[in-house]
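**Student:** quick one, structure for this:
(chains A and B)
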Amino acid sequence: MAQVAGGDSRAMEELYARYARVVYGLALKILANAEHAEDVVQETFWRVWNRAATFQAGSGAFAPWLFGIARNLCIDELRRRQARPAGIGGGGDDLALAAIPDTQPGLDEVTWVAERRRMITSALSELPADQRQVIELAYFGGLSQREIADQLNNPLGTVKTRVRLALQKLKTVLQHQGIGLDDR
Amino acid sequence: MNSHDHDPAESQLGAYALGALDLEDRPALEALLSESPAHQEELRQLREIVALLPYAAPPATPPDRVRERLFARIAAAQPATRRTAPSPGVTAPRPGPRWLMPGLLAGLAALVLVLGTLTFSLNSSVARLDRTNRQLVSSLDDIQQALAETQARQEQLASQLAAGEERIAQLSAALARDDYVISFVSAPGVATRQLQPAQSGVAAQGAMYMYPGHSNAVVIFSGLPPLAPGQVYQFWFADGTSQVASSTFEVDPTGIGYIVVEAPREVNAFSEVMVTVEPAGGSATPSRTVVLEGSL
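**Tutor:** Numbers count the residues shown, from 1 in each chain, chains lettered A, B, ... in the order given. Model prediction:
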């Protein structure tokens, strides 16, 4: 990141090569629109390029920062549209994150992306369905806890408890797997 | 209002990391975070967990035009000096002796070329092995499925074969029995005795074929009405003092049937024979329902 902050476009190309597929996949899932997802990818890396100097490695890993930018762009787009992508929430649909198929398993099997995907899908599969659902609606649907409670017609306290338990469970499972996020 | 609405701020760290915290819950949590390094660290860890969620979405390669536009934008915005100047904080290497430079550069170029070729070769090999592996796995699945189908078909045929063999054995036994009866009744010296209805108005009759001095006999019946379920006809030998139970039998829908009987001694030692209706399995003593009777 220091090289990117220093204006090294080759370092930026390396970042792009490493994360673009994940960012694009995330944007496609949230927005369900390829054209908008492409815009999100471009804008995300453009902001990384421009704000690299403001990123402080000591405050956390690079991936949360990068994905936070991408997700915020997606949620902004969602709210701008005043619509939700098909499959996010509504009618009690549970997209079953752990069952999402990988579009290119043959190639991903030899990449660290595939390894992380395997770990997170495995961890998600250990969550009860109602906890997976609130994670899905919060992260990929961009809903707040109160909005989730309204949509599911559940008490707000129940939704808060599910979110808290889900994150705790994910943390326990992933730390047990020894995963680290020291991506720079 | 649920009591959970008043959860401590720290329980909202997960929602905060997810970006799902409602506006009204933010002040309390942010006040807590500003005072507690421990909660700051917890939030950092939760954000790293949340940062794994994008990997749950199927990764997809964006079109090349996205990358091209991005780097064109970067190049357009980059000052000329920034494009060529070394990165801040990176110390420029001290130049070596001038005569070393051409050789060093050539060596580095060769090394890069070799490493690049090696990487490309390895990537190609991995991809090729992956394709081959997938083909083999697919072929193996096909073979296993075909084998399972063949085994199921084989078991079905074996079952049909066993049933066919059993039927053939039954037919062979019946045929052998018929041959025996035909040869028995048509042999020279055979004696015949008639069995007549014991009650008037019955059209049934029987013919007993025997050889004086022998214990075997064949009896052929006709006109016997089919019996109710649980009943059979039974053949009896009798002399002046006792009645001896012999074979039980049934008749076909036309009322015809036959039996091969073996008396406890030569048949001409008995004076009478008869046919009664008995419960299935036969009886030790005859019932009162005598259908046919005859004198020997």
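**Student:** outside of the strand or helix carrying residue A:160 itself, list whatever touches it.
**Tutor:** In this structure, residue A:160 sits in helix A:156-176 according to DSSP states H and E. For helix A:156-176, contacts defined as Cβ atoms under 8 Å, 6 or more residues apart in numbering or on different chains pick out A:119-120, A:122-124, A:126-127, A:130-135, A:138, A:145-146, A:148-149, A:152, B:2-5, B:7, B:11-15, B:17-18, B:20, B:45-46, B:49-50, B:52. For glycine as for every other residue, the C-beta is placed from the backbone atoms N, C-alpha and C.
**Student:** can you tell me which of those residues are buried?
**Tutor:** By neighbour count, with 16 or more other Cβ atoms under 10 Å in any protein chain shown, the contacts of helix A:156-176 hold A:119-120, A:123-124, A:127, A:130-135, A:138, A:145-146, A:148-149, A:152, B:7, B:12-15, B:17-18, B:20, B:45-46, B:49-50, B:52 as buried.
**Student:** now the helix holding residue A:160 - C-alpha only, PDB.
**Tutor:** As requested, the backbone C-alpha atoms of helix A:156-176 are provided in PDB (Å, rounded to 0.1, in the frame of the first residue of the first chain):
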ATOM      1  CA  LEU A 156     -35.900  -5.800  17.000                       C
ATOM      2  CA  GLY A 157     -34.300  -7.400  20.100                       C
ATOM      3  CA  THR A 158     -34.500 -10.800  18.300                       C
ATOM      4  CA  VAL A 159     -32.700  -9.400  15.300                       C
ATOM      5  CA  LYS A 160     -30.000  -7.800  17.400                       C
ATOM      6  CA  THR A 161     -29.400 -11.000  19.300                       C
ATOM      7  CA  ARG A 162     -29.200 -13.000  16.000                       C
ATOM      8  CA  VAL A 163     -26.600 -10.500  14.600                       C
ATOM      9  CA  ARG A 164     -24.600 -10.600  17.800                       C
ATOM     10  CA  LEU A 165     -24.600 -14.400  18.000                       C
ATOM     11  CA  ALA A 166     -23.900 -14.800  14.300                       C
ATOM     12  CA  LEU A 167     -20.800 -12.600  14.400                       C
ATOM     13  CA  GLN A 168     -19.600 -14.300  17.600                       C
ATOM     14  CA  LYS A 169     -20.000 -17.700  16.000                       C
ATOM     15  CA  LEU A 170     -18.300 -16.700  12.800                       C
ATOM     16  CA  LYS A 171     -15.400 -15.200  14.800                       C
ATOM     17  CA  THR A 172     -15.000 -18.400  16.900                       C
ATOM     18  CA  VAL A 173     -15.100 -20.700  13.900                       C
ATOM     19  CA  LEU A 174     -12.800 -18.700  11.700                       C
ATOM     20  CA  GLN A 175     -10.300 -18.100  14.400                       C
ATOM     21  CA  HIS A 176     -10.400 -21.800  15.100                       C
END
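**Student:** run the chain-centre distance for that helix.
**Tutor:** Distance, stretch centre to chain centre, for helix A:156-176: 16 Å (Cα atoms, centre = their mean, to the nearest Å).
**Student:** buried ones in that helix?
**Tutor:** For helix A:156-176, the buried set under the neighbour-count rule, 16+ other Cβ under 10 Å, comprises A:156-171, A:173-174.
**Student:** what average pLDDT does the one helix or strand residue B:107 maps to get?
**Tutor:** In this assignment (DSSP H and E), residue B:107 forms part of helix B:100-186. If you average the pLDDT over helix B:100-186, you get 83.
**Student:** and the angle from the helix or strand following that helix to helix B:100-186?
**Tutor:** Towards the C-terminus, the helix or strand next in line after helix B:100-186, according to DSSP H and E, is strand B:191-197. Angular relation of strand B:191-197 and helix B:100-186 on a 0 to 180 degree scale: 90 degrees, by axes from the mean of the first three to the mean of the last three Cα atoms, to 10 degrees.
**Student:** what's stretch B:169-183 in contact with?
**Tutor:** Taking Cβ under 8 Å, 6+ apart as the criterion, the residues outside stretch B:169-183 that touch it are B:218, B:220, B:258, B:260.
**Student:** pLDDT score assigned to the last one?
**Tutor:** Among the per-residue scores, residue B:260 holds a pLDDT of 90.
**Student:** what is it paired to in the beta sheet?
**Tutor:** In this structure, residue B:260 has beta-bridge partners residue B:218, where bridges are defined by DSSP bridges.
**Student:** how many residues are close by it?
**Tutor:** A count of nearby residues for residue B:260, using other Cβ atoms under 10 Å in any protein chain shown, gives 15.
**Student:** give me every residue that touches it.
**Tutor:** If you count contacts by Cβ under 8 Å, 6+ apart, residue B:260 has them with B:177, B:180, B:181, B:184, B:216, B:217, B:218, B:247.
**Student:** for chain A, give me the ranges with low pLDDT.
**Tutor:** A:1, A:56-60, A:82-111, A:179-184 (pLDDT under 70).
**Student:** only C-alpha atoms, please: export whichever strand or helix holds residue B:273 in PDB.
**Tutor:** Taking DSSP H and E as the criterion, the element that holds residue B:273 is strand B:272-279. Written as PDB, here are the backbone C-alpha positions of strand B:272-279 (Å, rounded to 0.1, in the frame of the first residue of the first chain):
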ATOM      1  CA  GLU B 272     -63.700-101.000   0.600                       C
ATOM      2  CA  VAL B 273     -62.400 -97.500  -0.300                       C
ATOM      3  CA  MET B 274     -64.100 -94.100   0.000                       C
ATOM      4  CA  VAL B 275     -63.600 -90.400  -0.400                       C
ATOM      5  CA  THR B 276     -64.700 -87.900   2.200                       C
ATOM      6  CA  VAL B 277     -64.600 -84.100   2.600                       C
ATOM      7  CA  GLU B 278     -62.200 -83.100   5.400                       C
ATOM      8  CA  PRO B 279     -60.600 -80.000   6.800                       C
END
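**Student:** so what touches that strand?
**Tutor:** Strand B:272-279 is contacted by residues B:193, B:195, B:198, B:206, B:208, B:219, B:221, B:224, B:227, B:230-239, B:248, B:283, B:286-287, B:289-296 when judged by Cβ under 8 Å, 6+ apart.
**Student:** on the three-state scheme, the spatially closest residue to residue A:117 that is not a sequence neighbour is what?
**Tutor:** By the measure of Cβ to Cβ, 6 or more residues apart in numbering or on different chains, the closest residue to residue A:117 outside its immediate chain neighbours is residue B:55, 4.4 Å from it. Using DSSP: H, G, I helix; E, B strand; the rest coil, the three-state assignment for residue B:55 comes out as helix.
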